[in-house]
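>>> Got a predicted structure plus its sequence, pasted below:
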Amino acid sequence: MGIPTPIRRAPRATFRRNRGKGSEREAAACHSPPAVSGDVAALRCGRGLRVTLVALGVALLTACGQTIESYPCPPGSTLTYQNFGAAFMRLQCLSCHGEASRDRAGAPGEFNFDTLEQIQRHTARIFVRAAASNDSMPPGPGDPPLEERNRLAEWLACGARP
Ligand code: HEC
């Protein structure tokens, strides 16, 4: 549910610890004739390391998801609090993040989204939890469809206009 920060750090630390030994072994492998198939030889000569790094990078991006800074406001966007934001929040978020919520299910008290002002205070966090490809909020099944989350992304990226 939460942003998996500790999970992201572990592989990098492991990589750093193993680097010394790995490069010695690689150097040896690169000087001996390729007795094994091309792929394995390439792996030994460091391509494996690059592939691993690229895979790590992709995993990292996926784990972080999209941010409000990385999402351009499409020119001509017509989404407003009136025609989109208020209803989206009421339907998807206020049951836990509302002043009147009777069961917050653990939603932090400082994260209420009843008013445009409250939303504007937290646009970056709302984005990384619920907009576009981000779907850790609302928690559990019954996420709003991607189309709706893309509209949320657009509305927030364009400044959460009234
Ligand atoms: C079923 C209850 C529930 C619903 C519905 C819900 N949340 Fe949450 N929310 C939580 C809980 C519990 C936490 C604290 C745990 C956590 O951060 O994962 C939380 C925390 C948050 C936080 C603060 C943590 C952070 O990452 O900064 C934000 C922002 C947030 N939710 C956004 C939303 C948005 C936007 C919606 C609607 C799309 C939503 N939530 C719907 C229960 C809910």
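Yep, it's here.

>>> Show me the shaky parts of the protein.
Across the chain, residues meeting the criterion (pLDDT under 70) sit at 1-46, 53-54, 56-64.

>>> do that again at 50, thanks
Within the chain, the stretches with pLDDT under 50 are 1-36.

>>> Give me the residues contacting whichever helix or strand Leu152 is part of.
Element membership of Leu152 [criterion: DSSP states H and E] is helix 146-157. Residues from elsewhere that reach helix 146-157, judged by C-beta atoms under 8 Å, 6 or more residues apart in numbering: 66, 68, 71-74, 77, 79-81, 84-85, 88, 92, 123, 126-127, 130-135, 143-144, 161. From N, CA and C alone the C-beta is placed, and that goes for glycine too.

>>> Which ones among the residues you listed also lie next to the ligand?
Taking C-beta under 6 Å from any ligand atom, the overlap between the contacts of helix 146-157 and the neighbourhood of the ligand is 92, 126, 130.

>>> ok, now which ones touch the first one?
Contacts for Gln92 (C-beta under 8 Å, 6+ apart) come out as 130, 138, 144, 148.

>>> For those, pick the one with the most neighbours.
Ala130 (23 neighbours; other C-beta atoms under 10 Å).

>>> contacting residues for that one?
92-93, 136-138, 144, 149, 152.

>>> how about the residues of this structure that lie near the ligand?
Residues of the chain lying near the ligand (C-beta under 6 Å from any ligand atom): 1-2, 92-93, 95-97, 105-108, 111, 122, 125-126, 129-130, 137-139.
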